[in-house]
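Visitor: give me coordinates for this.
(one chain, ligands or ions: 1)
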Amino acid sequence: MKILVTGVTGQIGSRVAGLLAGEHFIVAAVRKTGNHLPYAEIKMELGDPASIHTAVRSAKPDAVIHAAAITSPETCNMDEKGCMKINLEGTRHLTEACGVNSARMIYLSTDLVFDGKGSLYTELDTPNPLSIYAESKLKGEEVVSEILVDHVIARTSIVFGRGAFSENGFTHWLTSNLSKGKRLELYTDQYRSHFYIGDCARAIAELLRKDSRGLYHLSSGKRESRYEFALKVAKRLSLDDTLLAPSKMEKHGDMAKRPKDCSLDNGKLLKETDFRPLPENEALTLLAKEYPEFGKNRD
Ligand SMILES: NC(=O)c1ccc[n+]([C@@H]2O[C@H](COP(=O)([O-])OP(=O)(O)OC[C@H]3O[C@@H](n4cnc5c(N)ncnc54)[C@H](OP(=O)(O)O)[C@@H]3O)[C@@H](O)[C@H]2O)c1
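Guide: Below is the predicted model:
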């Protein structure tokens with residue numbers, strides 16, 4: 001298949017493209033071409049509808065994996081209009097272009113669409129976003145499901161692991177600060193289903209392979225506090241875990257609002273596909289291999 005991937009320079013998009021490149025022809029939709037990526041590159045700026053329609057028309061993909069977005073809840077809070085333009089309107093135009101060009105779409109969404117009053121949410125639970133970012137992603141889900149029959153909405157838990165071309169996200173934040181000896185406050189009262197990035201890429205590839213349609217939760221199926229999980233990562237990478245201080249969400253009122261618990265149940269994904277997440281211990285071993293600059297005594 002020819003697969004157009006948005007967000008290839010980001011964390012998840014880069015790992016999905018890398019995984020699929022063995023079997024499929026990947027076209028990377030990028031804001032500026034000339035990144036020397038190991039894929040064909042085509043220009044696409046999500047804020048520019050013409051560039052979206054032109055890119056899809058000329059690439060003629062069988063499938064689009066839409067992993068590009070403004071992903072920082074704080075950035076979205078500061079610029080709601082800009083966030084909606086990229087995350088919602090960009091998604092709307094990309095979905096329309098998929099419809100016109102008979103491409104299926106896998107749209108990446110987020111665990112943050114929930115308000116945190118529940119736990120281990122299933123696909124049947126009702127979202128109630130607390131932040132502008134989460135609202136933009138949920139509205140993106142709505143336009144994808146309204147416009148395009150052949151779609152998957154893949155709501156992903158927070159990932160850990162390294163992007164292929166850029167440093168970003170939770171593990172980067174944790175490792176870069178701890179390795180500089182900086183003390184970090186981690187929530188004991190915020191629960192997520194921390195998901196290994198390689199597993200996330202495999203789950204997306206599996207949904208593509210199965211010709212799945214509809215809404216899926218992509219997660220480890222576990223529920224752990226940010227503090228609990230950060231301790232495990234720090235230990236496995238032989239970073240100084242005494243720098244991790246337990247903290248409560250209410251202390252950080254200046255940040256974009258996040259749910260106390262947006263752990264995701266992965267039962268539907270496991271039931272309908274052959275995907276199985278790695279046991280956490282194995283995922284942490286692979287994580288350690290992605291960060292050879294840290295750690296000692298690893299096998
Ligand atoms: N990471 C997580 O833990 C997580 C959890 C749940 C859901 N998700 C979802 O998964 C998807 C991927 O997240 P990620 O963390 O991998 O993203 P990321 O690392 O923040 O990368 C974002 C990507 O989007 C691209 N992008 C941003 N604005 C764009 C624009 N105006 N036009 C075209 N491309 C643009 C960026 O390109 P540049 O390099 O040019 O900036 C980059 O490739 C997102 O939809 C996110 O909502 C992520």
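
Visitor: going by C-alpha atoms from here, please, whenever you check contacts or count neighbours.
Guide: OK.

Visitor: state the three-state secondary structure for Phe165.
Guide: Judged by DSSP: H, G, I helix; E, B strand; the rest coil, the three-state class of Phe165 is coil.

Visitor: isn't it right up against Thr9?
Guide: Yes - proximity of Phe165 to Thr9 meets the contact threshold set by Cα atoms under 8 Å, at 5.8 Å.

Visitor: the two: which is more packed in?
Guide: It is Thr9, of Phe165 and Thr9, that has more neighbours when counted by other Cα atoms under 10 Å, with 24 against 15.

Visitor: contact partners for the more buried one?
Guide: Residues in contact with Thr9, defined by Cα atoms under 8 Å, 6 or more residues apart in numbering, are 30, 164-166.

Visitor: pick out the most distant pair among the residues you listed.
Guide: Val30 and Ala164 (14.8 Å; Cα to Cα).

Visitor: okay, those two: which has more neighbours?
Guide: Neighbours around Val30 and Ala164, counted as other Cα under 10 Å, are more numerous at Val30. The numbers are 21 against 18.

Visitor: quick one: the more buried one and Glu45, what's the gap?
Guide: Between Val30 and Glu45 the distance is 7 Å, computed by Cα to Cα, to the nearest Å.

Visitor: then Lys271?
Guide: Distance, Lys271 to Glu45, by Cα to Cα: 37 Å.

Visitor: between the two, which has more neighbouring residues?
Guide: Taking other Cα under 10 Å, Lys271 and Glu45 do not tie; Glu45 has more neighbours (18 against 10).

Visitor: now do the SS call for that one.
Guide: coil.

Visitor: let me see the contact set for it.
Guide: Neighbouring residues of Glu45 by Cα under 8 Å, 6+ apart: 30-31, 51-52.

Visitor: same thing but 10 Å
Guide: 6, 29-32, 51-52, 55, 68, 86, 90 (Cα atoms under 10 Å, 6 or more residues apart in numbering).

Visitor: between the residues you listed, which is nearest Leu130?
Guide: If you rank those by distance to Leu130 using Cα to Cα, Ile86 comes first, at 18.8 Å.

Visitor: now for that closest one: which residues touch it?
Guide: Counting by Cα under 10 Å, 6+ apart, Ile86 has contacts 45-49, 68-70, 92-93, 136, 140.

Visitor: of the residues you listed, list those near the ligand.
Guide: Contacts with the ligand within the contacts of Ile86, counted by Cα under 6 Å from any ligand atom: 45-47, 68-70.

Visitor: is it possible to export the residues you listed to a markdown table including pLDDT and distance to Val233?
Guide: As requested, the ones next to the ligand among the contacts of Ile86 are arranged in a markdown table below (pLDDT from 0 to 100; distance: Cα to Cα, whole Å):
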| residue | pLDDT | distance to Val233 |
| --- | --- | --- |
| Glu45 | 98 | 35 |
| Leu46 | 98 | 34 |
| Gly47 | 98 | 36 |
| Ala68 | 98 | 26 |
| Ala69 | 98 | 26 |
| Ile70 | 98 | 26 |
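
Visitor: which one of those sits closest to Asp199?
Guide: Closest approach between the ones next to the ligand among the contacts of Ile86 and Asp199, by Cα to Cα: Ala68, at 18.6 Å.

Visitor: what's the overlap in contacts for Phe165 and Thr9?
Guide: Joint contacts of Phe165 and Thr9 (Cα under 10 Å, 6+ apart) are 15, 35, 37.

Visitor: of these, closest to Leu186?
Guide: Ranked by distance to Leu186 (Cα to Cα), those are led by Arg15 at 26.4 Å.

Visitor: give the rounded mean pLDDT of the helix or strand that contains the closest one.
Guide: Assigned by DSSP states H and E, Arg15 belongs to helix 11-20. For helix 11-20, the mean per-residue pLDDT is 98.

Visitor: try stretch 144-154
Guide: Taken as a whole, stretch 144-154 has an average pLDDT of 98.

Visitor: hmm, back to that, CSV for the ones next to the ligand among the contacts of Ile86, including distance to Val152?
Guide: Putting these into CSV (distance: Cα to Cα, whole Å) gives the following:
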residue, distance to Val152
Glu45, 22
Leu46, 19
Gly47, 23
Ala68, 15
Ala69, 17
Ile70, 20
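
Visitor: how about the nearest residue to Glu135, chain neighbours excluded?
Guide: Nearest non-adjacent residue to Glu135, counting by Cα to Cα, 6 or more residues apart in numbering: Pro129, 5.3 Å away.

Visitor: from the contacts of Ile86, list the buried ones, please.
Guide: Buried subset of the contacts of Ile86 (neighbour count, 16 or more other Cα atoms under 10 Å): 45-47, 49, 68-70, 92-93, 136, 140.
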